[in-house]
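1. Here you go, sequence then predicted model.
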Amino acid sequence: MVGGTEFISINPNVNREVFKLGGKSLLECYQCGSCTAVCPLSEELDVSFRRAIRYTQLGVEEKILGDISPWSCNLHGDCTDSCPRGASPSEILAAIRRYQSIKYDWTGITKWWNGSSFASKLVGYLVIFGLSLLLYFGFFWQSILAYASTGKLVVLSELLIPVAVVFVISLAILASNGYRAYKFMIKDKKKEVGLVKSLKHIASFFIKVESDAMKVGHKRERILEHTLILIGLGLFILLGILYVLVPKFFEFKVISRLLIYVASITLVIGVGSPLMKRITAGEKTHWYYKKFTHPTDWMSLITLLPPAIMLLLVFVFYDLSMLSHAYIAFALFLSFMIPFILLEFAFGKHTHWLYKVIAYYVGARTGYFRGD
Amino acid sequence: MTEEPRIGVYVCHCGFNIAGTVDVKKVAEFAKTLPNVVVAKDYVFMCSEPGQDLIKADIKAHNLNRVVVSACSPSLHEITFRTAVSEAGLNKYLLEMANIREHCSWVHHDKEKATEKAKEIVRMAVAKARHLEPLQELEVKAETSALVLGGGVAGMRAALELANYGFNVYLVEKAPTIGGKAALIGYVDPKTKGAEIVSKMFDRVKDCPRIQVLTNAELIQLSGFAGNYIAKVRLNPRYVNEKCTLCGECEEVCPIEVSNEYNFGLNKRKAIFLPFSNAYPPYYAIDYRVCVKCGECEKVCRFGAISLKEEPKVVDLKVGSIIIATGYDPYRPFKGEYGYGLHQNIMTLFQLERLLDPDSPTKGELIVGNKIPKSIAFIQCVGSRNTTPGAKEYCSRMCCTTAINSAVKIKEKYPDMNVYILYKDIMTYGSDETLYEEAGKKLVQFIKFEEKIPKVSITPEGLFIDVFEYTIQENLRIPVDAIVLSIGMLPPRDIEELIAVTRVSCGGEGFVREAHLKLAPVEAPTKGIFLAGCITGPKNILESIRMGSAAAAKAMSLLSKGKLTIEPMIAQVNEEKCSGCAICVGVCPYSAISIKKVNGDRIAYVEKALCMGCGTCNAACPSGAMQHLGFKDIQLLAQTRAVFGGEMNV
Amino acid sequence: MSSVLIVGGGVAGIQAALDLAEQGIDVYIVDKAPSVGGKMAYLDKTFPTLDCASCILAPKMAALLRYPNIKLIMNSEVQDVSGRAGNFKVKILKKPTYVDWSKCNGCGVCTEKCPTKVPNEYNMGLSQRRAIYIMFPQAVPKRAIIDAEHCMRLNPPPKAKEKAKGPLCGVCERNCPTKAIRYDQQPEILELNVSAVIVATGMELYDPRNLPELGYGKYQNVYTNLEFERLVSATGPTNGEIVRKSDGKHPKKIAWIQCVGSRDIRFNHYCSAYCCMAATKQAILAKEHLPEVQCTVYYMDIRAFGKGFNEFLERAKKEFGINYIRGKVVRIDEIPETKNLKIVYEDTAESYMKADEYDMVVLSVAITPNSKLPLPVELTKDGFIQLKDPYLDPVSTTVEGIFVVGAVAGAKDIPDSVTEASAAAARAALIAKRFSCPTPEVVK
């Protein structure tokens, strides 16, 4: 080889780690490029999923961490349908994402959350949940009883402080991790594109890709589920903001209850539907629900379900004038929110929104979109 | 020629095949005008029963002594018409074919011009026919026994096949054991050990009294021709006889130590040694090339199995056919080629195969440099596909499959080891593709390179491979503990001697050339010599074995009747004209010509059974003494004159 | 002396027959086609020597006729094989050809006069033949056969049948100079006793319509490699002129797409072994026919494993300037106005999806074994005939006395098939001649 050429050293353990993170078929890939070629995103984006897989096979760490392609993936699954080796590129890409998020996270918690078994995740979750229960049903119990005796639900109080603290800490960690991810991704700069143009690209890209995907049955199903979760979570956040800023809103019974019911029910359906499909997976179930059964997939859904149900119960009880029940449900709701935020929101699969946004932003700004 | 030629010309319509483009009636009319033509006719299908009957009837009615059939290519129907004329009592070589189909009607559209051309073709044929002579076929008695050169899987297979058929076989092997390279391959496929295959074959060879195994033997001279070869075989001394009980005491006392070629140099062996545990014949052997005859072994042997007085012997074997199955040599990387020879952890694929064999110095453990490596990399195409300046252009066919097979085996045994295969193209053709699939499932890592070949760096920190990975277009530096060079195949080292003795020829890549690459892959151009296994080029074990059977089939077909017919259209010497210049001897590709002294004169002599009728000597002969029967100068000149419209009466 | 049945008259079957017949053993060749020759008869030239296929095959085919102990049973299928090595009973269905082959001499008059034109299978439907036809000019045996489905006489269109009073057409019967036409010929069952059977049924091309994304059958200018072979062949539908089906123009850019149906667990796991070199050869032929044409082969691994293959590949690259791009083509789109084709793939050296435009695309289609036979042999999971023990008992199936050669036992090229054929001939001859191993005579 020519003297003076820069050589990248490799980390031979990467493929084992990604294998453990769910990329079981990683080394079955023989690099034909079908996944890239068949992907609807390739029409718009100059990315190579195959190359991301090769980087991972060989352990070219610095390239893997800067690769935006796993984050650009929308898990539509055309690649898995057309893989000649029967490997599942979308599953591998999801595993690569887990690996990337582990590396982006400086705290090391993602490493545990993504890498550990389902059982240890559950134990971790339950420990935090247990501590939250202790907090609300021990430390805050007297104040809860006091609030319950007022006959009013809408109170802005110290009860929220633990959740707020956890939330702020999580946001701070996410921000720092996001910045690290950005630094990795921006390295591989092709050229520079203006901000407005970039945003336009991203917007038109999503409209085109998702509307195309909506035409296909199994993709539509998953997009709908995802959208339900997005709507539910969005309403949750909206309700949270209203709760803090305009508590009076909850006195407008019809509109506030409607919002609450919609938020909870969409979330329960959006989470319950894919959960049920995974549990009852049979021959006719789309492979997506059979393949995406990594513990993090389960946890991302499972942790969302109890807070959604509890919130619903709070208002059901309240409207039935079962005030003490409503307060217990409220305390439970908060107890469930703490582990959700602390684990899933800050370190789990839910972080993908952040990395996706960064990846698309970097991609758009550095000329990954076609037609520049 | 005493008899005046009386020629009958028969023009075939071949349905519309000829008649569609050539006016056959006009051609027949024209033929009638040619000298010595007694009768000329046309018919719709000359090759049909009525067509042949027409010729036969005319031969009798018109007392014809030459026949010209103007129809299709002689390769199609010459035999048909020869049979017809001989049935009418004429020598069958008094027939001449004029090809007006392939050479005329099929390649032209203009009927008028095509008809003119057909006339010219007929005119040429008649001109030649006037000079035709009756010829006689020769029959020689043929020996059925066969000599199989090389005791590898291909040779053993051929020998077994022939012996089962009832032919006696001499299996001649240079080494002290048969088995060849296959015996040394750890695993030939995921389930099969090379040693197992050969020992099962040994059992069959052992049980077959028609096979005589001659080890330590070399073919030193070959004379004669198909059906009647005389093979001079030198039997080098083994110094150990069948009394040997494999106790191994002799080995301990032997003072001579040399590199063990049966482990591809992984360890040393003594001058008295057993090639491998299940060697056949199952006796120790003394390497006559290195033995100093100190007599220690003879002293220590309790069974009287060793005799250092043995002398080389030369035997003459009468055989009908020769099957060459001497195999290949592994490519010999030069010192420094991918670091070969510069570091103990850089080995060849063959050495790795030995390591993985339970019969190896490490008992099947992959131990290099005293420990089990954490990572190992195979570099493919070493010595093949033009990778390095010394490399061959061809693909060695078996190395990808063998390397992947070994990689899978290593992964099964040491799941935590990093196994890399650096390749140009993975050649797991056919059903071997499933092995490539399997390798992925077993987590073998593949790295593709193209024109830029990988570079091995030996540093104090260890071994590194620098490679430009094609599918990510990056220069990678891979730390490895051991490197396996997937070396290809070379023609055997002694192929020059083989060529000198058997007169087979070599292709550009250095392997023996077959009679036809596609349709006669197991036949040498010389009749009676067949080829099996890697002597014609790289093959895998299965293909070599099948080639062994195929070569045997060819020998059976040739000799099953116990006699051979020799075509009379061969070279003939006019002893009056021959000056003994020996030019013909040098040009003959089949060694059919020699110089003999007849009444004190040096005269060329053609061995009829060897001559294949190529005509080279005829063209080379300066005095015109060498004539090709059926294509004599006078016949060809008459034809040539005719085509240029010359006077036909020469 | 007993006899051997060879099922399939391709190059492997022919070779086995010749090797056996030379030893004086009686041989029957059964083939479902009206001529021997198999797939090789369709080829223009062969790799890596660029020998003309029919020039090397035709003499072998013709040689069959020279042996009185070789019987050709064409247009027939094996229906049942029972018994065991040394004594198999074989039932063969001889389908009617509607021509008395003992009279027919292949003059071809009937094929010129027949009024009905149908697509010619020999040219992959790219040209037309008549309802009575001779399979191809070099056919062995060269005999006419009536395609009953399309024959006006045997299968008249209902409307014409109603109008007509007597039997329709009959042109071939009237014109046949040897009076060989037999409209009333019936299927026949032949029963043979043979001592060994050699299966040489070869392969069929995998139907590329199973990969609808490649648009074969939908887009006119997408060809299979066998179609292209006919197109480039001097005896083909255009006499060797490479023209597009859509507009009859010479293509300027041709792409070959490898591994269509091969090396793909959705279709066939195995590598078809012949296609890389076949595509290389076809690209060279295209260059020879149209020097200006640009040829590109899309591949994943070039399988240049055989003798002379890699040299051939290098020649294709250097001497003929054939491009090789590493990437699997996943989709072909037709541009409606020009009928040009856009092929979509990832160039694995450049790492993003590309779409290249070509005016002709050739699919290097996988092979599938013709192994659905009424024989008691076992198959591998890929559908090839299972070998018993290829190391110790080469070319033997799981049934003693039944041997298998050629592509039906695994994808392979011509030399390997021919070698196997001879190997099987050796093994079958042993059974036919009833020699067994330990005989008292010992060599000295």
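-> Ah, there it is. Residues are numbered from 1 along each chain as shown, chains lettered A, B, ... in the order given.
2. Nearest residue to whichever residue of the stretch 101-250 of chain C sits closest to chain B in space, ignoring adjacent ones along the chain?
-> Ranking the residues of the stretch 101-250 of chain C by distance to chain B (Cβ to the nearest Cβ) places C:Cys107 first, at 2.9 Å. Using the backbone N, CA and C atoms, a C-beta is placed for each residue, glycine as well. In this structure, C:Cys107 finds its nearest non-sequential neighbour in B:Gly15, 2.9 Å apart by Cβ to Cβ, 6 or more residues apart in numbering or on different chains.
3. My read is that that neighbour contacts B:Cys47, right?
-> No - B:Gly15 lies out of contact with B:Cys47 (Cβ atoms under 8 Å); the separation is 11.0 Å.
4. anything in contact with each of those two?
-> By Cβ atoms under 8 Å, 6 or more residues apart in numbering or on different chains, B:Gly15 and B:Cys47 have these common neighbours: C:Asn105.
5. any idea how far C:Ala180 is from chain A?
-> The spacing between C:Ala180 and chain A, counted by Cβ to the nearest Cβ, to the nearest Å, is 51 Å.
6. Would you enumerate the residues in contact with B:Val456?
-> B:Tyr338, B:Gly339, B:Ile346, B:Ile379, B:Leu463, B:Phe464, B:Ile465, B:Asp466, B:Ile483.
7. Model confidence score at it, please.
-> For B:Val456, the model assigns a pLDDT of 95.
8. And for B:Thr2?
-> The model's pLDDT for B:Thr2 equals 58.
9. Just the C-alphas of stretch C:116-123, formatted as PDB.
-> Taking C-alpha atoms only, stretch C:116-123 is exported to PDB below (Å, rounded to 0.1, in the frame of the first residue of the first chain):
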ATOM      1  CA  THR C 116     -49.900 -22.000 -39.000                       C
ATOM      2  CA  LYS C 117     -47.200 -19.900 -37.400                       C
ATOM      3  CA  VAL C 118     -46.500 -20.100 -33.700                       C
ATOM      4  CA  PRO C 119     -43.700 -18.700 -31.500                       C
ATOM      5  CA  ASN C 120     -40.500 -20.700 -31.800                       C
ATOM      6  CA  GLU C 121     -39.400 -22.100 -28.400                       C
ATOM      7  CA  TYR C 122     -36.000 -22.800 -29.700                       C
ATOM      8  CA  ASN C 123     -35.500 -19.100 -30.200                       C
END
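10. and the residue nearest to B:Tyr420 when sequence neighbours are not counted, which of the three is it?
-> Distance criterion Cβ to Cβ, 6+ apart; nearest residue to B:Tyr420, sequence neighbours excluded, is B:Ala377 at 4.1 Å. Following DSSP: H, G, I helix; E, B strand; the rest coil, we place B:Ala377 in the strand state.
11. Go ahead and confirm B:Ala377 touches B:Ser486.
-> No - assessed by Cβ under 8 Å, B:Ala377 is found out of contact with B:Ser486, at 10.3 Å.
12. what does the stretch 101-250 of chain B put close to chain C?
-> Counting by Cβ under 8 Å from any Cβ of the partner chain, the stretch 101-250 of chain B comes close to chain C at B:145, B:153, B:157, B:161, B:163-166, B:168-170, B:188, B:192, B:197, B:200-201, B:204, B:207-210, B:212.
13. Among these, which ones are in strands?
-> Among those, the ones falling in strands (DSSP state E) are B:Val169, B:Tyr170, B:Val188, B:Thr192, B:Gln212.
14. Would you map out the domains in chain C?
-> C:3-95+C:187-202+C:370-433, C:114-175, C:207-367 (automatic domain parsing).
15. mind checking which of those is nearest A:Thr56?
-> In terms of Cβ to Cβ, the element of the domains of chain C nearest to A:Thr56 is domain C:207-367, at 14.1 Å.
16. which stretches of the stretch 151-300 of chain C form helices?
-> With DSSP state H, counting those that start in this stretch, the ranges of helices along the stretch 151-300 of chain C come out as C:158-163, C:171-175, C:225-232, C:275-289.
17. Output the third one as PDB, nothing but the C-alphas.
-> Taking only C-alpha atoms (Å, rounded to 0.1, in the frame of the first residue of the first chain), the coordinates of helix C:225-232 have been written out as PDB:
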ATOM      1  CA  ASN C 225     -29.500 -14.600 -20.800                       C
ATOM      2  CA  LEU C 226     -30.800 -17.500 -22.900                       C
ATOM      3  CA  GLU C 227     -32.900 -15.200 -25.000                       C
ATOM      4  CA  PHE C 228     -29.900 -13.000 -25.500                       C
ATOM      5  CA  GLU C 229     -27.900 -16.000 -26.500                       C
ATOM      6  CA  ARG C 230     -30.400 -16.700 -29.200                       C
ATOM      7  CA  LEU C 231     -30.500 -13.100 -30.200                       C
ATOM      8  CA  VAL C 232     -26.700 -13.000 -30.700                       C
END
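18. re earlier: how many neighbours does the residue nearest to C:Cys107 have?
-> 21 (other Cβ atoms under 10 Å in any protein chain shown).
19. Contacts only, for it.
-> Listed by Cβ under 8 Å, 6+ apart, the contact partners of B:Gly15 are B:Val44, B:Phe45, C:Asn105, C:Gly106, C:Cys107, C:Gly108, C:Val109.
20. repeat that for 7 Å
-> With contacts defined as Cβ atoms under 7 Å, 6 or more residues apart in numbering or on different chains, the neighbours of B:Gly15 are B:Val44, C:Gly106, C:Cys107, C:Gly108, C:Val109.
21. among those, which are in helices?
-> Using DSSP state H, C:Val109 are the members of these that sit in helices.
22. nearest to B:Val11, of the contacts of B:Gly15?
-> Among those, B:Val44 lies closest to B:Val11 (Cβ to Cβ), at 10.6 Å.
23. which residues does the closest residue to the closest one other than its chain neighbours contact?
-> Counting by Cβ to Cβ, 6+ apart, B:Val44 lies nearest to B:His13, which is 4.6 Å off, once chain neighbours are set aside. Applying Cβ under 7 Å, 6+ apart to B:His13 gives the contacts B:Ala19, B:Val24, B:Asp42, B:Tyr43, B:Val44.
24. Considering these, which possesses the most neighbours?
-> In terms of neighbours by other Cβ under 10 Å, these top out with B:Val24 at 25 neighbours.
25. Distance-wise, check it relative to B:Val11.
-> From B:Val24 across to B:Val11, the span is 5 Å (Cβ to Cβ, to the nearest Å).
26. quick one: common contacting residues for the two?
-> By Cβ under 7 Å, 6+ apart, the residues touching both B:Val24 and B:Val11 are B:Asp42.
27. so which strand or helix has residue 297?
-> Defaulting to chain A. Using DSSP states H and E, A:Asp297 sits within helix A:295-302.
28. Can you look at chain B instead?
-> Short version: B:Cys297 belongs to helix B:296-300, going by DSSP H and E.
29. And the next helix or strand past that helix?
-> Next element after helix B:296-300 (DSSP H and E): strand B:313-319.
30. got any ranges where the stretch 401-550 of chain B has weak pLDDT?
-> Under the criterion pLDDT under 70, no range of the stretch 401-550 of chain B is flagged.
31. and it, which residues reach chain A?
-> With Cβ under 7 Å from any Cβ of the partner chain as the criterion, the stretch 401-550 of chain B comes near chain A at residues B:418, B:437, B:440-441, B:443-445, B:447, B:452, B:455, B:466, B:468-469, B:471-472, B:474-478.
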